[in-house]
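Colleague: A structural model of the following input is requested.
(one chain, ligands or ions: 2)
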Amino acid sequence: MNKRARVLLLNAAIGPLDYRIDAEHDVQPGSIVLAPLGPRQLAGVVWEAERMPSDAEVGDNRLRPLAGVYDLPPLGAPLRRLIEWTADYYLAPPAAVLRMALASASALDGGRTITEYRATGHVPDRLTPQRAQALERVEGRQGLVRELATIADVSDGVIRGLVKAGAIEPVEVRVDDPFPIPDPDHARPALSEAQAEAAARLTNAVEAHKFAPIVLDGVTGSGKTEVYFEAVAEALRCGRQTLVLLPEIALTEPFLKRFAERFGCAPVAWHSDLRQSQRRRAWRAIASGEALVTVGARSALFLPYRDLGLIIVDEAHETSFKQEDGVMYHARDVAVMRGHFEGVPVVLASATQAIETRQQVALGRYEEVRLPARFGGAALPDIAAIDLTQDRPDRGRWLAPSLVTALTETLERGEQSLLFLNRRGYAPLTLCRHCGHRFQCPNCTAWMVEHRLTARLACHHCGHVMPPPRACPECKEEDALVACGPGVERIADEVALLFPDARTAIVTSDTLWSPAKAAEFVNRMDGGEIDIVVGTQLVTKGYHFPNLTLVGVVDADLGLSGGDLRAAERSFQQIAQVAGRAGRGAKPGRVLVQTHEPAAPVIEALVSGDAESFYAAETEARRMAGAPPFGRFAAIIVSSESGEEAAATAKAIGRAAPRVEGMQVYGPAPAPLAMLRGRHRQRLLVHASRALDVQDVIREWLGPLEWRRSVRVTVDVDPYSFL
Ligand code: ADP
Ligand code: ZN
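Modeller: Ligands and ions are numbered 1, 2, ... in the order given. The predicted structure follows:
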């Protein structure tokens with residue numbers, strides 16, 4: 001009789017601990033339990049002891065008993081294997097990965113209702129500025145006191161005061177209401193022959209209910225979504241769950257709408273913008289198996305689906321699937337591993353697959369399903385370069401005369417245009433005309449970016465903001481600050497000067513910060529209320545606007561300047577994706593790409609439409625350099641508030657580097673982003689051959705080393721950022 005349980009607690013700082021199981025408790029591996037830790041109690045999950053070694057072995061007589069077992073389905077073995085694999089591969093504490101699976105602490109407890117609050121419309125007699133701000137911002141919203149306080153940017157006390165004053169009232173919310181069940185046959189589209197063939201491959205894979213990584217490669221507008229919806233329909237018929245991962249939460253709202261048109265009701269959404277009550281309801285429905293289709297950002301990947309039948313990663317090439325803090329995992333790669341452990345197909349959909357994915361296809365590990373043409377005979381847009389050295393914008397302007405002409409023609413036809421520039425704000429750099437002083441973030445190695453819409457200078461790395469000063473802090477000269485270079489807001493200003501009657505919209509994470517905002521934008525586009533969109537990479541993805549016929553890329557050279565190993569590939573993907581927004585309906589699309597280097601391979605590939613030779617050249621260059629997918633990198637980042645301490649620790653780590661065949665260590669050197677959030681940063685880069693278990697080497701290398709608590713050392717396996 002097993003009377004001991006090894007428990008992985010929800011605290012990344014402590015390893016697994018053993019507890020006594022009393023007779024009243026029925027536990028098995030995966031059971032979600034409550035365990036005492038010091039004076040507190042903490043949730044955790046029971047694990048197979050042999051798979052989760054503990055360095056705190058305690059004799060039977062000294063074991064503390066478990067405090068309770070939650071009335072929830074145990075985490076399945078495939079999810080437990082996934083958690084182990086992720087912790088091992090990304091060198092993260094298993095508890096940090098487990099936290100993503102139990103992502104809604106409140107979901108664990110019972111209780112069918114929760115108290116939320118909302119404005120009553122009554123204005124209290126005593127209206128402080130704080131209260132006024134709170135009432136203005138929470139209008140139409142609902143949530144816990146803390147959630148409303150966050151929305152309103154006031155303390156909890158202000159909200160509670162408003163509750164007392166009758167301006168905000170409690171509402172009981174039922175949190176376990178069932179979700180509607182999508183109907184696979186609600187509105188089936190008539191698929192083209194190519195689509196039907198692709199759909200059949202996917203539905204067969206769902207039926208087979210075995211691991212199968214499938215790359216769904218189709219040009220923009222070919223109907224990839226319609227095709228993978230057939231696979232979702234098949235999973236629904238089999239009564240199994242589907243997970244659809246999207247790269248941005250801004251895309252979820254349009255996706256929900258489109259899903260509802262096809263299946264008669266929305267799927268369950270999972271993203272960071274959910275209220276606690278919504279999160280709890282979704283988590284419980286996912287764990288019980290009642291949530292049949294979940295769409296979410298990367299964090300949805302670790303949820304405890306009870307009976308998974310299919311995983312889809314849409315826009316699978318997107319680098320935002322890589323998490324850059326906490327557990328630094330890549331959701332596309334972990335999705336494939338989840339499919340492997342669960343024994344279900346994983347579909348990677350994209351028009352511009354990553355070189356890593358293409359290589360798996362070349363090796364025969366992933367199956368490829370192609371959709372070569374746009375649906376309904378829509379032509380792919382015609383892409384042309386504008387040589388900025390010849391066709392120059394006027395002084396202080398950014399749009400070349402030929403692009404302006406194209407915008408004029410498009411407006412006259414009553415069609416929509418999109419100007420793409422991957423830079424938020426008004427100008428990336430502000431300096432003093434008089435003394436040359438540049439505004440830098442006090443916490444980061446980064447310029448402060450001017451945002452005119454909100455009248456602030458902001459750091460895009462740490463979020464530090466300040467009002468733009470009237471006088472230069474250096475030479476005290478007044479009104480001498482000049483904006484250098486364009487951001488989307490400045491392009492929008494130029495558009496307003498050129499076309500005073502055109503209706504424009506700026507689309508960035510500043511303006512589309514919630515799914516609701518994104519939905520509003522889509523509705524205005526669909527309703528023809530916008531003529532010209534100026535946007536960042538946020539508009540390059542997934543959207544389908546039939547009346548959008550012109551795309552202008554303001555600065556195609558921007559993405560190439562960063563110089564990391566994926567810069568050319570990323571530029572190609574980004575421009576190909578934004579180009580893919582043009583001409584998706586009956587009218588043909590046009591794309592104009594402004595560049596100083598029309599002969600650059602990326603631009604030539606885009607203009608000629610010859611993606612294959614571009615990819616071939618890039619792939620060959622990676623092979624020669626031993627870069628991914630042919631070799632591997634891992635970055636070791638050492639940071640501290642003291643520059644000397646960071647440098648000394650990094651040096652010590654560098655000195656301790658083992659000599660291993662097939663591995664090179666570069667650095668330490670100050671990171672390009674030498675200071676971030678007030679911490680000095682040093683980097684080491686490990687370059688290893690595929691054959692080497694580089695994680696094992698790093699574990700043995702860093703394991704015995706010690707450093708001060710004020711120093712943070714993080715390992716980024718398969719890094720995407722080299723800053
Ligand atoms: P992709 O994801 O490949 O860019 P979508 O799935 O978004 O393409 O399809 C592009 C547009 O064509 C969408 O509006 C979609 O509804 C429409 N479409 C695609 N296939 C069909 C079909 N078989 N029947 C009707 N409409 C379709
Ligand atoms: Zn900063």
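Colleague: low pLDDT regions in the protein?
Modeller: By pLDDT under 70, the weakly predicted segments of the chain are 1-2, 105-106, 110-112, 542, 562-563.
Colleague: state the distance from residue 138 to residue 163.
Modeller: Distance, residue 138 to residue 163, using C-beta to C-beta, to the nearest Å: 11 Å. C-beta coordinates here come from the backbone N, C-alpha and C atoms, glycine included.
Colleague: report the closest residue of the stretch 51-200 of the chain relative to ligand 1.
Modeller: Residue of the stretch 51-200 of the chain nearest ligand 1, by C-beta to the nearest ligand atom: residue 189 (3.7 Å).
Colleague: which one is that residue nearest to, not counting chain neighbours?
Modeller: residue 226 (5.4 Å; C-beta to C-beta, 6 or more residues apart in numbering).
Colleague: compare residue 138 and residue 163 (neighbour count), which wins?
Modeller: Counted by other C-beta atoms under 10 Å, residue 138 and residue 163 do not tie: residue 138 has more neighbours, with 23 against 15.
Colleague: list the contacts for the residue nearest to the more buried one when sequence neighbours are not counted?
Modeller: Of all residues not flanking residue 138 in the chain, residue 148 sits nearest, at 5.0 Å (C-beta to C-beta, 6+ apart). Taking C-beta atoms under 8 Å, 6 or more residues apart in numbering, we find residue 148 in contact with 117, 134, 138, 141, 159, 168.
Colleague: what's the following helix or strand after the helix or strand where residue 281 lies?
Modeller: Secondary structure assignment for residue 281, by DSSP states H and E: helix 276-288. Sequence order places strand 293-296 as the next helix or strand after helix 276-288, per DSSP H and E.
Colleague: from residue 551, how far off is residue 277?
Modeller: Counting by C-beta to C-beta, the gap from residue 277 to residue 551 is 40 Å.
Colleague: in a strand, that's where the residue of the stretch 51-200 of the chain closest to ligand 1 is, yeah?
Modeller: No - residue state for residue 189 (DSSP: H, G, I helix; E, B strand; the rest coil) corresponds to coil; a strand is not indicated.
Colleague: for it, phi and psi?
Modeller: Dihedral pair for residue 189: phi -80, psi 160, per degrees, to the nearest 10.
Colleague: now residue 589
Modeller: Torsion angles, degrees, to the nearest 10, at residue 589: phi -110, psi 160.
Colleague: ok, for it, nearest residue in space, not its chain neighbours?
Modeller: residue 583 is the one closest to residue 589 (C-beta to C-beta, 6+ apart), at 2.0 Å.
Colleague: neighbours around the residue nearest to residue 440 when sequence neighbours are not counted, how many?
Modeller: In this structure, residue 440 finds its nearest non-sequential neighbour in residue 447, 6.0 Å apart by C-beta to C-beta, 6+ apart. Close neighbours of residue 447, defined as other C-beta under 10 Å, add up to 20.
Colleague: got a list of what the nearest residue to residue 458 once chain neighbours are set aside touches?
Modeller: Once flanking residues are discounted, residue 458 sits nearest to residue 465: 4.7 Å by C-beta to C-beta, 6+ apart. When contacts are counted by C-beta under 8 Å, 6+ apart, residue 465 is found next to 456, 457, 458, 459.
Colleague: could you dump these to TSV with distance to ligand 2 and neighbour count?
Modeller: Formatted as TSV, those follow (distance: C-beta to the ion, whole Å; neighbours: other C-beta atoms under 10 Å):
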residue	distance to ligand 2	neighbour count
456	13	16
457	11	23
458	9	19
459	3	21
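Colleague: can you count the residues close to whatever residue of the stretch 301-450 of the chain ends up closest to ligand 1?
Modeller: Nearest residue of the stretch 301-450 of the chain to ligand 1 (C-beta to the nearest ligand atom) works out as residue 375 at 3.7 Å. Other residues near residue 375 come to 20 when the count uses other C-beta under 10 Å.
Colleague: give me the contact list for stretch 13-24.
Modeller: With C-beta under 8 Å, 6+ apart as the test, stretch 13-24 has contacts from 2-9, 27, 33, 35, 37, 47, 49, 52-58, 60, 63-66, 93-95.
Colleague: would residue 170 count as being in a strand?
Modeller: Yes - under three-state DSSP, residue 170 falls within a strand.
Colleague: so the nearest residue to it once chain neighbours are set aside is in which element?
Modeller: Leaving out its chain neighbours, the residue that sits closest to residue 170 by C-beta to C-beta, 6+ apart is residue 115, at 5.0 Å. Take DSSP H and E as the rule and residue 115 turns out to sit in strand 113-119.
Colleague: more neighbours: which of residue 277 and residue 551?
Modeller: More crowded of residue 277 and residue 551, by other C-beta under 10 Å: residue 551, with 28 against 21.
Colleague: please name the residues that touch that one.
Modeller: Residue 551 is in contact with 381, 417-420, 578-579, 581-582, 589-592, counting by C-beta under 8 Å, 6+ apart.
Colleague: the same query, at a cut-off of 10 Å, please.
Modeller: 381, 383, 406, 416-420, 533, 539-540, 575, 578-583, 589-593 (C-beta atoms under 10 Å, 6 or more residues apart in numbering).
Colleague: bridging residues for it?
Modeller: For residue 551, the beta-bridge partners are residue 418, residue 591 (DSSP bridges).
Colleague: quick check: it vs residue 222, distance?
Modeller: Computed with C-beta to C-beta, the distance linking residue 551 and residue 222 is 18 Å.
Colleague: repeat for residue 131
Modeller: With the distance defined as C-beta to C-beta, residue 131 ends up 53 Å from residue 222.
Colleague: need phi/psi at residue 4.
Modeller: Phi and psi for residue 4, reported as degrees, to the nearest 10, are phi -110, psi 140.
Colleague: which one is it nearest to, not counting chain neighbours?
Modeller: Nearest residue to residue 4, sequence neighbours excluded (C-beta to C-beta, 6+ apart): residue 18, at 5.4 Å.
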